[in-house]
Structures are given as structure tokens and as C-alpha cells.
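S.K.: All I have is the shape, not the residue letters:
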């Protein structure tokens, strides 16, 4: 229903873009993305690099969405599924912002906050994948839906996770 309204869809897109900076602040503050190569930088440069890394992640997602865009009858279903990630990103950002504020206020140790945020992020990401798979499956075969998920979600996110583990 959200994609049927141009105004609501545009508002959601703008809000998701506006949420990028608060999301990166939370990621940097609680070290949710903590690759080894970022340890030697001061806080300001580390935040700038974190924002840059997530901008590159979103650019990779946009490029993948353009490259793998289907022609014909599946294009509407594809667009809806692709844009659904923005809705889940807004939800994720609001949840981790709330968690960070509340858990810091009640003086939970930072390692527990990080762990809780990572688990909640994984849960919201899993829900996003499930919803996206349902949307794809409504317009194409299960195999095609799986391939779209791999190209649009699993590949870019895999690059992000591997960069945190290896570097």
C-alpha cells in the first residue's frame, strides 16, 4: 500500500535518507561495526569513515537494484520488494536509537548494549528478508525470488559483514 501512494513513498525515501546519519552515529558510538582497521583513528575520523562505509553499502545496493531490475510484468513487484528495505531501515534506526538511549540511561554495560543491538538488528534484518521473499514470491517463482534476494540483499550485506571480520 505504501508504494501505491507517491507522496507516502517519497516521504519514506526521504526519511530513510535522513535516518542514515543517526544510524551511523549509533553504529559508531556503540561500535556495532568495528573492523580492526578503524581502531587507529580518532573519533571524528572514525565517524566519517563509518558514514562513508555505509554510504558505499547503500550505493552498492542501488547499483545492484538497477543491474538486476527485471523487464516486464515482475518490475512492479521488484520495485515494491526493493523499497521495502527502506521501511525496515527506518524501523531499525528508531529501535537502536531507543535502545541506546534507554540502556545507557539505566547504565547497562556497553558490551551488553552492543550485543543486544546486534541481535535486534539481526532479527529486524531477518524479518526484512522474509518480507522481501514473500513479496518476490507473490510475483515470481521461489527460485527467482531467492536469486533476487541473493543479488539485492545477501551480496551487499555479505560484503559489509566480511569487511568487518577480515579487515
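M.R.: Looks like it came in fine. Predicted model, so just to flag it, every value in this text is computed and none were measured.

S.K.: Mind telling me what element residue 85 is part of?
M.R.: Counting by DSSP states H and E, the element that carries residue 85 is helix 75-105.

S.K.: for residue 157, same thing?
M.R.: helix 155-166.

S.K.: how far is stretch 126-134 from where the chain is centred?
M.R.: Per Cα atoms, centre = their mean, to the nearest Å, the displacement of stretch 126-134 from the mean C-alpha position of its chain is 12 Å.

S.K.: ok, and what's touching it?
M.R.: With Cβ atoms under 8 Å, 6 or more residues apart in numbering as the contact definition, stretch 126-134 has outside contacts at 81, 84, 85, 88, 145, 146, 149, 152, 153. For every residue, glycine as well, the C-beta is placed using N, CA and C.

S.K.: go again using 7 Å as the cut-off
M.R.: 81, 84, 85, 88, 145, 149, 153 (Cβ atoms under 7 Å, 6 or more residues apart in numbering).

S.K.: quick one: buried residues of it?
M.R.: Within stretch 126-134, the residues that qualify as buried are 128, 129, 132, 133, counting by 16 or more other Cβ atoms under 10 Å.
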